[in-house]
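K.L.:
give me coordinates for this.
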Amino acid sequence: MPATVTQLATYLYTITVQIFLQQCPLSLLTDYTSSCTITTASQTNYDFIIIGGGTSGLVLANRLSYNSAIKVLVVEAGMPPSNYSEMPMEYQHLNFPVSAHDWNFKTQPGDYCNGYPDGCVFHQGRGIGGSSLISNMIQYEGNSVDFDRWNISLWNWSILSQELLKINLLNGSTATNGYMEVSYPHSTSELINKTTEAFANLTLPLHMLQGSRMGYYEVPAYVKSGRRFSVAKGYLAPIITRSNLCVLYNTRATKINIDFQTKLAKSVEVKNSSNAVFTMQTTREVILSAGTINSPKLLMLSGIGPMDDLLAKGLPVMVPLEGVGKKPT
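P.N.:
You can find the predicted model right below:
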């Protein structure tokens, strides 16, 4: 499909901003430098190997490495956030037309993709922090009814809402010990003021927070001091110097080696930017948090998945599991 004028203009704008940032980089960028290297990591036995340094991967890395006796390795295919991702208003350009912060997946052609017969872009963040590098940063906790209708005792709203309060730190408040900085834009837009008045006239509640089903509010965002506050800033940056934590960037996991008899993961094969292959050993667990596409892909490359699909690709069948790679949403 030919590029539209809007697409070309957006592309030129994106390139211009990137060139500007290369010449005038933002100061005081967060340091994500890890003290380990891929060579030293390959010579170490880790208790836990986490594949994917996105939201869930970094939360687990933070919590597991809290115990200094536990060695944790994070394998991330992308790099630390760039200057460009620091700018909140640039989120809409971070994945156009091709971004280093996005895996740039595209769906197969069909009539199921928002009316795009040739397929559409399936955005997924690539880099330390995962999709929190390219999201619109809006903080919204969801509808309490959705949680309660699952009818799972430990996932009902009364319990989950208390856990959610532990995540966020509102405007630097010391009232909670949250990891993620949340702030309000406090816009002076006349349009927003008029819209707020209109909602008030309809007697809708002021805050659509804490699980309420209807209402309006000024949208809180994961922004601090005018910059994006990614999961990497909240969960990794404060602990990056832990001696029992190793984070490998630009390193892609290619296979999980599984013991055929015990069916337990024993090591992970990875490739660095030079396509050199290394094997990382684990004494306890491999945690797979590589995202909606890459997680089932790596499972299948490791011999876990639908038997017919594995055999068709000449892959060994370690664990036949029909659900792998099906219904990603």
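
K.L.:
from now on I want contacts and neighbour counts done on CA atoms only, so please keep to that.
P.N.:
OK.

K.L.:
if you skip the residues just before and after it, what's nearest to the residue nearest the centre of the chain?
P.N.:
With distances taken as Cα atoms, centre = their mean, the chain has Gly130 as the residue nearest its mean C-alpha position (2.8 Å). Closest residue in space to Gly130, ignoring its immediate chain neighbours: Gly54 at 3.7 Å, by Cα to Cα, 6 or more residues apart in numbering.

K.L.:
is Met137 in contact with Val219, as I believe?
P.N.:
No: with contact defined as Cα atoms under 8 Å, Met137 does not reach Val219; the gap is 9.8 Å.

K.L.:
excluding its backbone neighbours, what's nearest Ala221?
P.N.:
Among residues not flanking Ala221 along the chain, Ile138 sits closest, at 4.5 Å (Cα to Cα, 6+ apart).

K.L.:
where along the stretch 201-329 of the chain do the helices fall?
P.N.:
231, 291-301, 307-312 (DSSP state H, counting those that start in this stretch).

K.L.:
break this structure down into its domains, please.
P.N.:
32-132+233-289, 139-221 (automatic domain parsing).

K.L.:
for Ser302, find the nearest of the ones you listed.
P.N.:
With Cα to Cα as the measure, domain 32-132+233-289 is the member of the domains of the chain nearest Ser302 (5.2 Å).

K.L.:
tell me where this structure is predicted with low confidence.
P.N.:
1-29, 89-98, 111-112, 170-177, 186-188, 205-213, 328-329 (pLDDT under 70).

K.L.:
and the residue lying farthest from the centre of it, how far is that from Met214?
P.N.:
The centre of the chain is farthest from one residue, Asn201, which by Cα atoms, centre = their mean lies 39.0 Å away. For Asn201, the distance to Met214 (Cα to Cα, to the nearest Å) stands at 14 Å.

K.L.:
for the longest strand anywhere in the chain, packing partners?
P.N.:
The longest strand of the chain (DSSP state E) is strand 277-288. In this structure, strand 277-288 makes packing contacts with helix 38-42, strand 45-51, strand 265-271, judged by 3 or more Cα pairs under 8 Å, 6 or more residues apart in numbering; DSSP states H and E.

K.L.:
quickly list what the residue lying closest to Asn257 once chain neighbours are set aside is bridged to.
P.N.:
Nearest residue to Asn257 in three dimensions, chain neighbours excluded: Ser267, at 5.2 Å (Cα to Cα, 6+ apart). Going by DSSP bridges, Ser267 is paired in beta bridges with Asn257, Gln281.

K.L.:
wait, Ser267 sits on Thr279?
P.N.:
Yes: counting by Cα under 8 Å, Ser267 touches Thr279, with 6.5 Å between them.

K.L.:
quick one: the strands in this protein, in order.
P.N.:
In the chain, the strands defined using DSSP E lie at 45-51, 72-75, 105-106, 121-122, 168-170, 180-182, 223-224, 227-228, 245-248, 252-258, 265-271, 277-288, 304-305, 319-320.

K.L.:
between those, which one is closest to Met87.
P.N.:
Per Cα to Cα, nearest to Met87 of these: strand 227-228, 5.6 Å.

K.L.:
gap between the closest one and the chain center?
P.N.:
16 Å (Cα atoms, centre = their mean, to the nearest Å).

K.L.:
neighbouring strands of that strand in the sheet, and parallel or not?
P.N.:
Assessed with DSSP bridges, strand 227-228 is paired to strand 223-224 (antiparallel).

K.L.:
who touches the partner strand?
P.N.:
Applying Cα atoms under 8 Å, 6 or more residues apart in numbering, the contact partners of strand 223-224 are Pro88, Met137, Asn171, Glu181, Val182, Ser183, Phe229.

K.L.:
tell me the buried residues in stretch 229-243?
P.N.:
Across stretch 229-243, burial judged by 16 or more other Cα atoms under 10 Å covers Phe229, Ser230, Val231, Ala232, Lys233, Gly234, Tyr235, Leu236, Ile239, Ile240, Arg242.

K.L.:
got it, and stretch 299-314?
P.N.:
Leu299, Met300, Leu301, Ser302, Gly303, Ile304, Gly305, Pro306, Met307, Leu310.

K.L.:
let's see that stretch as PDB, backbone CA atoms only.
P.N.:
Taking C-alpha atoms only, stretch 299-314 is exported to PDB below (Å, rounded to 0.1, in the frame of the first residue of the first chain):
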ATOM      1  CA  LEU A 299       8.600 -22.600  23.500                       C
ATOM      2  CA  MET A 300       8.000 -24.200  20.100                       C
ATOM      3  CA  LEU A 301      11.700 -23.800  19.100                       C
ATOM      4  CA  SER A 302      12.500 -25.600  22.400                       C
ATOM      5  CA  GLY A 303      10.100 -28.500  21.600                       C
ATOM      6  CA  ILE A 304       7.100 -27.500  23.500                       C
ATOM      7  CA  GLY A 305       3.900 -27.000  21.400                       C
ATOM      8  CA  PRO A 306       1.400 -28.700  19.100                       C
ATOM      9  CA  MET A 307       3.000 -32.000  18.000                       C
ATOM     10  CA  ASP A 308       2.000 -31.700  14.300                       C
ATOM     11  CA  ASP A 309       3.400 -28.200  14.000                       C
ATOM     12  CA  LEU A 310       6.700 -29.200  15.600                       C
ATOM     13  CA  LEU A 311       7.100 -32.300  13.400                       C
ATOM     14  CA  ALA A 312       6.300 -30.300  10.300                       C
ATOM     15  CA  LYS A 313       9.200 -28.000  11.100                       C
ATOM     16  CA  GLY A 314      11.600 -30.800  12.000                       C
END
